[in-house]
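Trainee: Predicted model and sequence below, questions to follow.
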Amino acid sequence: MLEIRNLKVKLEEEDKQILKGVDLTVDAGTVHAIMGPNGSGKSTLSYVLAGREGYEVTEGTATLDGADLLEMEPEERAAAGLFLAFQYPVEIPGVGNMTFLRTAVNAQRKARGEEELSAGEFLKEIRARAKQLKIDSEMLKRPVNVGFSGGEKKRNEILQMAMLEPKMCILDETDSGLDVDAMKLVAEGVNALRDEGRAFLVITHYQRLLDHIRPDVVHIMAGGRIVKTGGPELALEVENHGYADILAEVA
Amino acid sequence: MALAQAKRTATEARLAALELPAGAGWATRAREEALARLRETGLPARRDEYWRYTDPATLNAPAPEPAALFDPREPMPFSEVDRLKVVFVDGVFDPEASDDLSMAGIEIERLAETAARDIHWAKDLYGVLEARGQSPVPRPLAALNTAAATDGIVIRVTGKAPRPVSLIYLHRSETSDAVLHHLVRVEEGAEMTLLENGPAAARFNKVLEVDVADGGAFHHVRAQGRDHERRAATHIFARLGEKSIFKSFTLTVNGKLTRNETVIELTGDNAVAHVAGAALGDADFHHDDTVFITHDAVECESRQVFKKVLRNGAVGVFQGKILVKPGAQKTDGYQISQALLLDDDSQFLAKPELEIYADDVICSHGSTSGAIDETAMFYLRSRGVPRDEAQDLLVIAFLAEAIDEIEDEAIADDILARLQAWLARHRH
């Protein structure tokens, strides 16, 4: 589903190479985790895939079901089925959460040539999804992420994911700032979306999120490259011994 | 101090080009006095501190610059609102196009008819608030209006008006020069909503004097738009009695030059005055909101909320003042003026002022200008919202605080629809 080949990325504003040749293949129906120390390029990878400005791809390719992601605008990537759950969800004062979601859902449907959801259909859908994530109607009415706690923001990301039904979901440190209960709730939301037509790329520092969202494949990223790939046991190795051993081993 | 020769020349040239109304009825004296006020101050000049950011030349000139007519091919504002329509074409009342002027709780007359009489309540209001508003800052274009206006609407509200009165200004001639003067007297405990929309003329000079008695309420929503080349100078003068309410909102789109002055005196205790504006300008657009609120009673509240969205070299101006007179304790004054600049060519000029002579007051003010929040933009786009739509959402979010000042939900929705249509037409 997601194919990344020799992806090299530098910052647009300064001469700083962040990704130094990333190779990654994520198949439909699988969950991949990327772990790695701070500054290894994990978040950059997620931003570059989603199309954030400020980065320059100097080499390599990234495709989603064969379509060249790097040629697309961010909204086209979303319509193609890519979703990034932000590490720091953005507050947008003045834009109601519900208005935002409905605009997004219908913009994607329109881009795919599908019929837009009516207000009634949308309401029914969002109520059911929100209930699963324990998001009350008050939170739906408030401006996007404004005054939300850390846990509420992350649940709101998962709600958006559930409503948009992407095929490739990237979760960027979704566990940061969450207590155990909030993390469980988020993980349940993610697990409910696991499906053979859908793939996940879970970016995290810690193994604990992976106790709840079980990965099929774990990658270790360091210095802008994926340096090691293995099964779920690799995450446990990180948890028990830290990154130092692994990095020493591959150096 | 003698008036500068240049000002005197400009003023006399303008007056010579005007057809001043012939003497008749109570209005004669009010007009003569206004003429004297105008001659004393002269027309505004760029060198006047109050006109530093807006060039009054085209407002002063003996003849208006022609303004091409424009059809945006969309419904007029307030089309869906149940209202009593009063239509003016190029500044002249059109009885054919207007509704019957009778409505429960409210008396509506033409200025042209009342002015010819010897006795009318309008005598105690016409030019009276305008004259009070000439100090401490002169407003010569308003004095000119009082001296020259023959048409307008005269409203006395005695109960709760069941429907809004909707003034519709149609522009049919490319060289029309319209002067309108409206009066509203809201009696004790009475209540009304006044709507205004339309470009009116190539050049438009309008004064609205509003006197709200104790416990009365006056709601005002205005949509200035459509024609790109029109120029307008408008003044609202309001006086508020005890526990009265005055709320005014203006949406402005298009227009080469618009100067909206609002002058409010809170003279009764516990009165509330809110003035808000949302302006959207693209290219050849100069919009000036000038507000002067005087607190002269205790426990009054005033709010000024002005937001501007500017692109392609459009210019926005805000001059807002809160004056708290000695003894006006427990005043609650708030003022915010903000601009969203969609490119580097646009400009926002702001002069917020507070002048406070009472010690137990809360007054706050703020002024900002900034660009679209790119982080929010990326967030919206990453969810599949295209750039243009994302920008519209953020623009409307930016204007929300001003639009929230409109109390009536149906009217607020109508304004929002106008705004969205304008944004859709101005995507680049």
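Mentor: Received, thanks.
Trainee: Tell me where the chain has helices.
Mentor: Going with chain A. Under the criterion DSSP state H, chain A carries helices at the ranges A:42-50, A:74-79, A:97-111, A:119-132, A:137-141, A:150-164, A:180-193, A:208-212, A:233-250.
Trainee: not what I meant, chain B
Mentor: For chain B, the helices defined by DSSP H occupy B:5-17, B:27-41, B:57-60, B:111-114, B:128-132, B:140-148, B:374-382, B:387-403, B:409-425.
Trainee: could you give the angle of the second one to helix B:5-17?
Mentor: What that stands for is helix B:27-41. 150 degrees (axes from the mean of the first three to the mean of the last three CA atoms, to 10 degrees).
Trainee: tell me what helix B:27-41 is packed against?
Mentor: helix B:5-17, helix B:128-132, helix B:140-148 (3 or more CB pairs under 8 Å, 6 or more residues apart in numbering or on different chains; DSSP states H and E). Quick note: C-beta positions are derived from backbone N, CA and C, even for glycine.
Trainee: of the helices of chain B, which approaches residue B:365 most closely?
Mentor: Closest to residue B:365 of the helices of chain B, according to CB to CB: helix B:387-403, at 14.2 Å.
Trainee: Quick check: closest non-adjacent residue to the residue of chain A found nearest chain B.
Mentor: Residue nearest to chain B within chain A (CB to the nearest CB): residue A:94, separated by 2.7 Å. Spatial nearest neighbour of residue A:94, excluding adjacent residues (CB to CB, 6 or more residues apart in numbering or on different chains): residue B:397 at 2.7 Å.
Trainee: Run through the residues that contact the one you found.
Mentor: The neighbourhood of residue B:397, defined by CB atoms under 8 Å, 6 or more residues apart in numbering or on different chains, consists of A:92, A:93, A:94, A:95, A:143.
Trainee: Filter those down to the ones in strands?
Mentor: Among these, the ones falling in strands (DSSP state E) are A:92, A:93, A:94, A:95, A:143.
Trainee: As TSV, the residues you listed with pLDDT and neighbour count would be great.
Mentor: As requested, the ones in strands among the contacts of residue B:397 are exported to TSV (pLDDT from 0 to 100; neighbours: other CB atoms under 10 Å in any protein chain shown):
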residue	pLDDT	neighbour count
A:92	93	23
A:93	90	17
A:94	88	20
A:95	91	23
A:143	93	18
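Trainee: from those, which is closest to residue B:113?
Mentor: Nearest to residue B:113 out of the ones in strands among the contacts of residue B:397 is residue A:94 (CB to CB; 46.3 Å).
Trainee: is it true that that closest one touches residue B:395?
Mentor: No. Under the criterion of CB atoms under 8 Å, residue A:94 makes no contact with residue B:395, lying 9.6 Å away.
Trainee: Could you check how many residues crowd around residue B:34?
Mentor: By the criterion of other CB atoms under 10 Å in any protein chain shown, residue B:34 has 26 neighbours.
Trainee: who's in contact with it?
Mentor: Contacts of residue B:34 by CB under 8 Å, 6+ apart are B:127, B:130, B:131, B:143, B:144, B:145, B:146, B:147.
Trainee: rerun that using 6 Å as the cut-off
Mentor: B:127, B:143, B:146, B:147 (CB atoms under 6 Å, 6 or more residues apart in numbering or on different chains).
Trainee: List just the nearest of these to residue B:289.
Mentor: Set against residue B:289, the nearest of these by CB to CB is residue B:143 (20.3 Å).
Trainee: Tell me how far that closest one lies from residue B:202.
Mentor: Residue B:143 is 22 Å from residue B:202, where distance means CB to CB, to the nearest Å.
Trainee: picking up where we left off before, mean neighbour count, the helices of chain B: which tops it?
Mentor: The highest mean neighbour count among those, using mean count of other CB atoms under 10 Å in any protein chain shown, belongs to helix B:140-148: a mean of 25.
Trainee: and it, what other elements does it pack with?
Mentor: Applying 3 or more CB pairs under 6 Å, 6 or more residues apart in numbering or on different chains; DSSP states H and E, one finds that helix B:140-148 contacts helix B:27-41, strand B:177-186, strand B:203-212.
Trainee: Now the stretch 151-300 of chain B against chain A: closest residue?
Mentor: Closest residue of the stretch 151-300 of chain B to chain A, CB to the nearest CB: residue B:278 (12.3 Å).
Trainee: Chain B now?
Mentor: Closest residue of chain B to chain A, CB to the nearest CB: residue B:397 (2.7 Å).
Trainee: show me where pLDDT drops low in the chain?
Mentor: Unless you meant another one, I'm taking chain A. By pLDDT under 70, the low-scoring segments of chain A are A:251.
Trainee: Chain B is the one I meant
Mentor: In chain B (pLDDT under 70), the answer is B:1-2, B:23, B:428.
Trainee: Can you report how many residues lie near the nearest residue to residue B:391 once chain neighbours are set aside?
Mentor: Using CB to CB, 6+ apart and skipping the chain neighbours, the partner closest in space to residue B:391 is residue B:372 (6.3 Å). Neighbour count for residue B:372, taken as other CB under 10 Å: 17.
Trainee: What of residue B:73?
Mentor: Neighbours of residue B:73 under the rule other CB under 10 Å: 7.
Trainee: Kindly provide the distance from it to residue B:243.
Mentor: Between residue B:73 and residue B:243 the computed distance is 45 Å (CB to CB).
Trainee: do residue B:288 as well
Mentor: According to CB to CB, residue B:288 and residue B:243 sit 32 Å apart.
Trainee: With neighbour numbers in mind, choose between those two.
Mentor: Taking other CB under 10 Å, residue B:288 and residue B:243 do not tie; residue B:288 has more neighbours (22 against 19).
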